[in-house]
Every structure is written in structure tokens, then in C-alpha cells.
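Participant: structural data only, the sequence is not supplied:
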């Protein structure tokens, strides 16, 4: 019985399938393994069973061959000639033939051995690639025998980009980006692949109209500016030197300032610029800043005249960058004129917040401006409103948009303040992380009045424990950074970070707070989503119910209106009918009053007897004086409801309509004497 292998768990990744196949079958040749898997549609069970069956059949054929070789056989007949000739000489012909072997009772049939199953042929796979570059999408179909360099060569023909400047990303499971000589079959790629072409080092062509001038004289869109280069002409007014720098539109103003730091060794906080648009933040990209495209002029100078020039910086390259930063911080603390300028010496100990605060928003704007003048343009973006408003900004939003609240408490009397602000709080990494994950609010407790005001606010918002921490903390532990979070409607101080810390410790604490907050906030996001879904469903149901009520009310009103109109119509018809009946009754009474009385049968005067057949078949008979006018019969019929407007009165022979004749003629004159039959018919 053939042995079969079943797998209850199948690997979904082709790399895992390939490895499992090699382990099960022991085939080391990659191309052979790939061909077997391709023939079985990458079904590991079918591929392994097929190989095992082939190996078993080959082994059975080999076993039969060994048995046949071990059994003695009859001497072949004389006509049988060996395939290999005897080269022993003439004596070979003189040697007598061997005696025949005894016949065997059992003579097995000769079964030729079955050759082992040859390796499966190498099949060529066609791999599809969808490559995205900026706003373009290129589709390629290549054999897996091609290389990565082939893809780049085809992209070069399509995009006219040098191959050595191309970087292809998106290889999926491949941890290391393959080189250009790597064969596609060695990457174990699926049939469908999506790659992303990047050109981080592509040179900008100054003569290219697409990079320097608007297309056809039209205004370039913001998206186009993000992908193009800005030429910045920066004049260093101190050294009288001009720098021409090119930056992509996606770079920020802060990137430009760091570039000048690399050229001039002037820290960002000591740089002063002219030419940037008003109220432009360092986080703005060049495309969004509003500067002129493609060329813009800027002026650069040093805030502190004592800042080292580029030549001095070159002579002092032996000092480490950390020492330089520490010396800068020390200088700033020991000599405030190095930060504020020579003309600001009188403001050395001025607090960031003034005393006697009336408008808290104006006071915080003063705080932000003073902080920027002291420590440079790179600093946290302080929230310019009350602490309660800052909490609303951070927490009174949907759970997925909430941020942590960072409360910075400054104290000029602490020796740590200047070092903490310049080296830690204003570090680019800290500023960027605070901007993305925190709402930052600042306060200065250098004066006792502002300290008491902050303590009162903290007691109101966070309780007495936080207030006691701020109140009892030693002066040299300042400044402080309070991390506040809200979990399930509870606002609490998560951490109190003191000024005597390092940059790494501060960043670690901020990251830990964000991770802890996000893990706890996730349940609130789910609950809020469920609550919003329930509210939306309830709102939709209420709207549907309200619409149903309106529809029912409209139907009822329509029904009442129709009933009212029907009633009015019936009343109007009854009124008209009554008027008609009254008119007919009046007319009948008029005819009745004018109609002569019916004469008796024994009247001495001549009598004309008239029989009248009505449309209903009824027969009326009445006697009239023969000398009376014929209108008497018309009046008589009128009293019965048969008026000449609607009916005609016909004689038998000759047939004539009495309503068309002169009604003053008598019955005798009209030949209706002594008797006549008339027919009343509708007109």
C-alpha cells in the first residue's frame, strides 16, 4: 500500500511552503522544488505525495532488478550474441561452450527496471509588477529568469531616470533590498507585486522648465510644489557671504535653518532671519510657507555677536559637539547677554510671565514671545489660553483624536532652567514629539504671585496632591513637566518630570506616557465607536419614526380632506337637486293652476279622450274639452314631470310632434277628437 502524507496545517506563505517541501522531500535543488510546486499549484500535500510516489515506484523497480540479478538464468541460445565482443584471441573460438545449466522449476519473467522519475522540467513564471512613482503607475510583466536590474532598465526607458539613482522599495518579505544582479526567481516573489520607485538623490535640472517655471505660465499647484525644488538665495549679513541652496518643497523651514547651522556653526536659537512670510512656523513646508517659487531671497544674521564665525568653528573642530552644546548652555546661564543680546542686559532676571495678570491669554502670549527670544525659534508650541481651555483642547475631543497634556512649569531661580530649556525642551526631537502627541501649556512661577495662582488652579483641576508636589518641591528641582491624561472621564497627573534629567530620559518618559495612554485609550476608542454607532442607529430610527409619523399624519389629513370634499360635493349636489326639485315643483304647481279641471263623461260639451303612453310604459288617460287649446295636454304632462324641454309628444298617424305645433290650436282643430293616443319620448 502506498504511503501518503497529509498535513492538517498548510503554510500560506510560499517561502514557508518551499522550506517545508525541501524538508519533507530532501530535494536540495531549488529549481526542481519550484517546478514541482508550480505543477501542483503550490499545494504542499499534493507536491510531496507526488514526489513520494515517484520515489517509491523507483525503489520498487530497483528491488525487482536486484532479485532478477540474483537468480541463475538458462544459457542463452546459440543465436544470442553478447553485446560486448570477446577480445581474448583465436582461442576463444576453440573453447567449448559451457554445459547447459539445469532447468529450473521456476523461471521468473524478466522485468526491466523502471528508471527513476527525472526532475520536473523548469517552468518559466511570468511575474507582474505594478510600480508607482510620484503620480505615475507603470505595469511590467517579466520572466522570473530576469534580474532586478532589468526592471530598472525598463523604468529608465519609461521615465528617463538613471539606473544608479533608482531605489525600489516594497519587496515584501525580503528583509534586505536586493541588488541589481539578483535574479527574480531567487526572491520567491508572488505573481502579483507592487513596488515603489524612489529617487532620493536625483539631481534637479536647472534648465528644466517643469522645475523652475509654471507650466504654460499657469500657477503651480501645491502638490506640484511639494515635489519640486526651491532655490534659496541666503545672504549672511555678518560675513557678507551668499549661499545658494536647493531644497525640495516638502522640506520645512526648520530644515533650512539646520542647513545653515551645518554651514555656519550658528545654532538655530542664535539665528535671525528676514524674508520668511509673516507668522510662518518652523514646521511649515517650503511649499506651504508662501515663499516665492522657484527662487526666494532670505537674509541671515546672528543674534549674538559673540557666536563663533565659520573660521573660528573650523579652528575649534577638536572639541566635541556635546561639549560645544554644553558650553553654549553654560554661557547662556552665566551670561544672559549671550542669549538676549547686549541691549537686553537690563532684562536678565525678568520673568517669562509678568505680575498682576489680568488677561491670562495676553500673559501667555508674552510667555511664548519671551521664551522664543531666550531660547530660539525651535521650542514647543505653547497653548495660548487658560489651563482649563488647554484641557478641553486635549481631552474634549473624540477619543481617537485625544492627546496628552504637558504642563511646563518654569522657574528662573533654578540653576537647571536654562540648561533644561536650551538642551532638552528645545531639542528638535522633543519639540517634534510634543507637537505630535501633546498639548503643551506653560507657566512661570518665578514670582510668588504667579506661583500661588498656579497652585490654586491645580487644586481646582487636579486636587491637593499635585498642588502639594509643586509647593513642596525644592527650587533646584525645577523646571517641571507635568504629564496629564484623562482615562474614563478621570483626569490625573501621570508623571512629574523634574529638570535634573537627561535628553534620553526625558524622551523615554514622554514615549512611555504616550504608549501607556494609547493602550488605555484604545478601549475608550472602541466604546466610543460603539456608542456613536448606537447613537447613529437611534438617530436613524428616530428619524424613520418621525418620518413615519409625518407620513401617517399626511395620509390622515389627505383622507379627511377627501372625506370633507366628498361631503361638500354631496351637499352641493343635494342642494342643487333640491333646488331643481323645488323649481320643478313650482313649475308643476304653476301647470296645475293653469290646467282646466277634467270634464265628466256626461259633459254636454264635446270631449276629447287622450291616452298618453309614457317612456316607462305606463299609460295615462284624461278627458279634455275638445275646444280647449292643445297646451292643456302639455301642461298635464308637465304636472307629471314630463316637460317639453326634455320630452316630445308624438301622434300616431300622421306622426307629428305636438310640441312643435301651435299650442293655441284646439284638440278638434288638430284632429285629436274624439280620442287620440299620444306617445311621450325622450328627446
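Facilitator: It's in. All values reported here derive from a predicted model rather than from experimental measurement.
Participant: list the contacts for residue 484?
Facilitator: Contact partners of residue 484, counting by CB atoms under 8 Å, 6 or more residues apart in numbering, are 391, 394, 404, 405, 406, 407, 462, 491, 492, 493, 494. Yep, even glycine has a C-beta here, placed from its N, CA and C like the rest.
Participant: closest to residue 289 out of these?
Facilitator: Each of the contacts of residue 484 was scored against residue 289 by CB to CB, and residue 406 proved nearest at 26.4 Å.
Participant: and that closest one, that one's in a strand?
Facilitator: Yes. Assigned with DSSP: H, G, I helix; E, B strand; the rest coil, residue 406 falls within a strand.
Participant: thinking again about what came up before, tell me the buried residues within the contacts of residue 484.
Facilitator: Burial by neighbour count, judged by 16 or more other CB atoms under 10 Å, picks out 391, 394, 404, 405, 406, 407, 462, 493, 494 from the contacts of residue 484.
Participant: can I get those residues in CSV with pLDDT and distance to residue 427?
Facilitator: As requested, the buried ones among the contacts of residue 484 are arranged in CSV below (pLDDT from 0 to 100; distance: CB to CB, whole Å):
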residue, pLDDT, distance to residue 427
391, 90, 26
394, 89, 22
404, 92, 18
405, 93, 20
406, 94, 14
407, 94, 19
462, 84, 27
493, 88, 23
494, 87, 21
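Participant: could I get these as CSV with distance to residue 192?
Facilitator: Formatted as CSV, the buried ones among the contacts of residue 484 follow (distance: CB to CB, whole Å):
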residue, distance to residue 192
391, 50
394, 44
404, 42
405, 47
406, 46
407, 52
462, 55
493, 52
494, 46
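Participant: and the residue lying closest to residue 48 once chain neighbours are set aside, how many neighbours does it have?
Facilitator: Closest residue in space to residue 48, ignoring its immediate chain neighbours: residue 24 at 4.8 Å, by CB to CB, 6 or more residues apart in numbering. By other CB atoms under 10 Å, the residues close to residue 24 number 17.
Participant: kindly report the same for residue 183.
Facilitator: A total of 13 residues lie near residue 183 under the criterion other CB under 10 Å.
Participant: for it, report the pLDDT, please.
Facilitator: Note for residue 183: predicted pLDDT of 89.
Participant: re the thing from before, list the buried residues for the helix or strand the residue nearest to residue 48 falls within?
Facilitator: Following DSSP states H and E, one finds residue 24 within helix 14-25. Applying a neighbour-count criterion of 16+ other CB under 10 Å, the buried positions in helix 14-25 are 17, 18, 20, 21, 24, 25.
Participant: quick one: average pLDDT of it?
Facilitator: Across helix 14-25, the average pLDDT comes to 79.
Participant: what helices or strands is that helix leaning on?
Facilitator: In terms of contacts (3 or more CB pairs under 8 Å, 6 or more residues apart in numbering; DSSP states H and E), helix 14-25 is packed against helix 30-39, helix 44-70.
Participant: just to revisit the earlier point, tabulate the contacts of residue 484 (JSON lines), appending distance to residue 50.
Facilitator: Below are the contacts of residue 484 laid out as JSON lines (distance: CB to CB, whole Å):
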{"residue": "391", "distance to residue 50": "68"}
{"residue": "394", "distance to residue 50": "63"}
{"residue": "404", "distance to residue 50": "60"}
{"residue": "405", "distance to residue 50": "65"}
{"residue": "406", "distance to residue 50": "64"}
{"residue": "407", "distance to residue 50": "70"}
{"residue": "462", "distance to residue 50": "72"}
{"residue": "491", "distance to residue 50": "67"}
{"residue": "492", "distance to residue 50": "65"}
{"residue": "493", "distance to residue 50": "67"}
{"residue": "494", "distance to residue 50": "61"}
